[in-house]
Every structure is written in C-alpha cells, then in structure tokens.
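>>> all I have is the shape, not the residue letters:
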C-alpha cells in the first residue's frame, strides 16, 4: 500500500465517542496517513480550538488541513460547529468532511447547504473505515480533488 506522508497540517477529528476516535486513529495508521490526528470531544472544544487560532494565541499544533466532524455531539452539534466555521473568514474555506452515523437525507442536504465538502456515513466494519480514511487522505490531503460519491460508497 502506498504511504501518505504529506507535510501539511494535522487532521482535527471532532468526535465524542472515545472508542470511535481510537478506531479512526488506528485507521489512519493502517491507511498510512502521515498527518497527525488531533481529537476534540465536543462542539465547544472544536470552536475553542479555532477561536484560539483566530485570537492569534500560540498553538502547539498547526492549523488543521482537514476537519472530520461528527454531527451528534454534546452541547454544540456538528451543525453548529460547521455554521460557526463557515461564518469565520479565516476558516470559511477549510475542508470539512462530516463523518456521522446518520444516513438521514435531510442531514445530508443540510450539511451540503452549510458548506461541508463531503458527508460520509460511519462504516460498521473497520476495513471499510481504513478505505474511507485512505480515500479522504488522497482527496483532501494530497489535493487529488473531491472523491466521487461512488468511491466512498463502495468502501
């Protein structure tokens, strides 16, 4: 398998389920994605992460190159986080991919209207998660352009 060892910023995973965050971390390793993965556990923490950047506070990590965002978060939802990011000029064009257990077509439409780049339903098999992570890395971290929905759906 080809190794993705890019020299751009980390990926920020906004996920409240610690077990699922661990699975994503393991999928990054298995897919050989070299970007660091940082995890925050709720919407407020995600907004605070970016607010610190907006205030110019020294940060221990570079600005993320990609945000993987769950929708169902305690407190501020993924919808709230995405709305906030798109309202901030500095972060308005940052790639955000929703990684959610919801397959509701209404959620998909709402997320697209809010400006997410992609929407991926969390797979139930680990191998599928590794495939999805690899596709996301090629698409959003290596600049190969948006993946077709078919490529992700076949994962």
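Done, it's in. Since the structure is predicted, the reported quantities are computational estimates derived from the model, not experimental observations.

>>> confidence score at residue 149?
Model confidence at residue 149, given as pLDDT, is 39.

>>> so which residues of the protein form helices?
Along the chain, counting by DSSP state H, helices occupy 18-30, 43-54, 78-87, 105-114, 126-136, 149-153.

>>> just checking, what packs against the second one?
By that I understand helix 43-54. Using 3 or more C-beta pairs under 8 Å, 6 or more residues apart in numbering; DSSP states H and E, the elements in contact with helix 43-54 are strand 11-14, helix 78-87. (Glycine included, C-beta is placed from N, CA and C.)

>>> any regions of the chain where pLDDT drops low?
Scanning the chain for pLDDT under 70 picks out the ranges 1-8, 57-61, 143-155.

>>> the residue nearest the centre of it pairs with what?
Taking C-alpha atoms, centre = their mean, the centroid of the chain lies closest to residue 68, which sits 1.0 Å from it. Using DSSP bridges, the bridge partners assigned to residue 68 are residue 13, residue 97.

>>> and it, how far is that from residue 127?
From residue 68 across to residue 127, the span is 18 Å (C-beta to C-beta, to the nearest Å).

>>> sorry, back to before: tabulate the helices of the chain (a markdown table), appending distance to residue 12 and mean neighbour count.
Below are these laid out as a markdown table (distance: least, C-beta to C-beta, whole Å; neighbours: other C-beta atoms under 10 Å):
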| stretch | distance to residue 12 | mean neighbour count |
| --- | --- | --- |
| helix 18-30 | 11 | 16 |
| helix 43-54 | 7 | 17 |
| helix 78-87 | 10 | 19 |
| helix 105-114 | 17 | 14 |
| helix 126-136 | 13 | 20 |
| helix 149-153 | 20 | 13 |
